[in-house]
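Visitor: Can you look at this prediction? I've put the sequence above it.
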Amino acid sequence: MRLTVSIALAFLLVLGLPVAHAKDTPTDEPAVDLSKIMGTWYVIARMPNPVERGHVTSRDEYTLVEDGKVAVRYLYRDGFGEPEKEVSARASVDAESGNRDWRVWFYKVIPAKQRILEIAPDGSWMLISYPGRDLAWIFARKPDMSRDQYRKLVDKMRDDYSIYTDKLKRVPQLREQVDRLGFEVPNKR
């Protein structure tokens, strides 16, 4: 119960973070085909926030449950030797935004918005932001990403979407990534 209350309070804190200057997604972008983004997405990088701080092997699993509704499972560990934990949520997708704007409901009462900025033509990566907030994520279909690809996506977030990327941290998905420069420190070693 204490963990649930702590997570709920952390989500509320995230919602109150300072405003960033992220541009809206251009309206001439094609609509996102929801069926193509269902499945597992590994969290390659994110802005530090109280909810996800120190998590490793983080990933989201999306399942289309009905028209405009997506079941979201966030899976993570506090360290590589720790048990996997799960947070379940449900997202409402705004069709008028080209399926780019999502309102994700945690514990059925805590809303959080997210915007899909861009998806790779081959569907291998996805850039996500929290509209009007200093939060952003890089997701990928595989748990690791080359340094060159990662740098290109960070530059794209900064240059094309005006996301302040200086605080972006990579998420350890593999044990050998712990203690590497640019990667977040796990909660437990």
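Guide: Yes, it's here.
Visitor: Which stretches in the protein count as strands?
Guide: Here the chain has its strands, by DSSP state E, at 39-46, 56-66, 69-77, 85-94, 101-106, 110-119, 125-129, 136-140, 169-170.
Visitor: Buried deepest among the ones you listed, which one?
Guide: Of the strands of the chain, the one with the most neighbours on average (mean count of other CB atoms under 10 Å) is strand 136-140, at a mean of 24. Bear in mind the C-beta positions are built from the backbone N, C-alpha and C, glycine included.
Visitor: Contact partners for the closest residue to A112 other than its chain neighbours?
Guide: Closest residue to A112 apart from its sequence neighbours, by CB to CB, 6 or more residues apart in numbering: V104 at 4.9 Å. For V104, the contact set (CB atoms under 8 Å, 6 or more residues apart in numbering) comprises 72, 89-91, 111-114.
Visitor: CSV for those residues, including pLDDT?
Guide: Shown next, in CSV, are the contacts of V104 (pLDDT from 0 to 100):
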residue, pLDDT
V72, 94
A89, 91
R90, 91
A91, 93
P111, 77
A112, 85
K113, 89
Q114, 91
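Visitor: Distance check, the residue positioned nearest the centre of the chain against R59.
Guide: For the chain, the residue nearest the mean C-alpha position is W137 (4.3 Å; CA atoms, centre = their mean). Distance, W137 to R59, by CB to CB, to the nearest Å: 11 Å.
Visitor: Overlap of the contact sets of those two?
Guide: By CB under 8 Å, 6+ apart, the residues touching both W137 and R59 are V43.
Visitor: pretty sure A89 is touching V109, no?
Guide: No - using CB atoms under 8 Å, A89 is not in contact with V109, being 11.0 Å away.
Visitor: Mind picking out the helix or strand in the protein with the poorest mean pLDDT?
Guide: Ranked by mean pLDDT, DSSP states H and E, the weakest helix or strand in the chain is helix 2-15, scoring a mean of 42.
Visitor: Could you point out which residue ranges in the chain have low pLDDT?
Guide: Scanning the chain for pLDDT under 70 picks out 1-28, 133, 189.
Visitor: out of the contacts of V104, who's nearest I163?
Guide: Checking the contacts of V104 against I163 by CB to CB gives Q114 as the nearest, at 12.9 Å.
Visitor: so how far is the first residue of stretch 167-178 from its last?
Guide: 18 Å (CA to CA, to the nearest Å).
Visitor: That one: which residues count as buried?
Guide: Neighbour-count burial for stretch 167-178, counted by 16 or more other CB atoms under 10 Å, picks out 168, 170-173, 177.
Visitor: closest to P50 among these?
Guide: For the buried residues of stretch 167-178, the nearest to P50 is V171 (15.1 Å; CB to CB).
Visitor: Right, I'll call it a day here.
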